[in-house]
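Novice: Quick one, structure for this:
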Amino acid sequence: MCFLGSTIGASTLAQLFKPATNPDKILAELKGASQAAKSIQADFKEDKYLAVLKNPEHSSGVFYYRKDDQMRWEQLKPSKYVILINGDKLRVQEAGKEKNVASAGRMAAQMKDLLMGLVNGDFQQNKAFYQSCFESADQYQITLTPTNNRLKKMYAKINLVFSRSTLRLKELSFFEKSGDRSVMTFSSEKINQPIAEAIFMNF
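Specialist: I've put the predicted structure just below:
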């Protein structure tokens with residue numbers, strides 16, 4: 001999940017969704033669930049589809065979140081890649097070496113805000129996207145279409161798929177303007193369990 005280099009995205013279940021009959025109610029329920037989650041730990045798998053490759057690339061790892069803007073995205077396979085967000089600080093480590101994200105400037109800050117917003121539910125107030133709400137028998141899907149010029153150059157849309165019963169994020173997909181996409185699925189979630197401070201500070 002190299003947000004500062006490439007990106008991600010697509011839902012394989014898109015054909016099962018129809019426009020939501022009461023989108024405001026769904027968004028309110030999702031917002032309430034995200035606000036109630038003080039911390040999250042989950043495993044993830046990512047399938048990345050690139051136009052230049054015949055078969056998708058696969059990766060996996062673990063994700064941590066704690067309220068007050070703390071997040072750790074740690075890809076473990078096939079190689080280690082870590083994104084750390086701690087307050088207003090964004091750090092990235094690849095192949096054991098920390099990358100200089102300060103040089104990315106405004107884009108790095110925008111990506112940090114996007115990542116946190118997708119996790120804590122603040123995407124609902126993000127004016128950089130137009131929201132569409134869909135539902136199936138057991139899931140909700142929120143499609144975010146960029147209205148911000150900078151993001152429009154990168155993404156065609158972003159899909160978030162939530163469990164209808166638990167209101168937890170189960171799938172996150174990014175569709176790039178280039179046609180590349182990837183799908184991340186989450187499992188083994190632990191909600192509101194203690195997470196050590198060092199998780200968000202040290203690679």
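
Novice: Quick one: residues contacting R150.
Specialist: Going by C-beta atoms under 8 Å, 6 or more residues apart in numbering, R150 touches 107, 110. For the C-beta atoms, the positions are set from N, CA and C on the backbone; glycine is no exception.

Novice: For it, which phi and psi angles does the backbone take?
Specialist: Dihedral angles of R150 (phi, psi; degrees, to the nearest 10) stand at phi -60, psi -40.

Novice: Using PDB, list the CA coordinates for the helix or strand of the chain with the lowest mean pLDDT.
Specialist: Sorting the helices and strands of the chain by mean pLDDT, DSSP states H and E puts helix 106-120 at the bottom, at a mean of 80. This file holds the C-alpha atoms of helix 106-120, laid out as PDB (Å, rounded to 0.1, in the frame of the first residue of the first chain):
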ATOM      1  CA  ARG A 106       1.300  19.300   0.600                       C
ATOM      2  CA  MET A 107       0.600  16.000  -1.100                       C
ATOM      3  CA  ALA A 108       2.000  14.000   1.900                       C
ATOM      4  CA  ALA A 109      -0.200  16.000   4.300                       C
ATOM      5  CA  GLN A 110      -3.200  15.500   2.100                       C
ATOM      6  CA  MET A 111      -2.600  11.700   2.000                       C
ATOM      7  CA  LYS A 112      -2.300  11.600   5.700                       C
ATOM      8  CA  ASP A 113      -5.600  13.400   6.100                       C
ATOM      9  CA  LEU A 114      -7.200  11.100   3.600                       C
ATOM     10  CA  LEU A 115      -5.900   7.900   5.400                       C
ATOM     11  CA  MET A 116      -7.100   9.100   8.800                       C
ATOM     12  CA  GLY A 117     -10.400  10.200   7.400                       C
ATOM     13  CA  LEU A 118     -11.100   6.800   5.900                       C
ATOM     14  CA  VAL A 119     -10.500   5.200   9.200                       C
ATOM     15  CA  ASN A 120     -12.100   7.600  11.700                       C
END
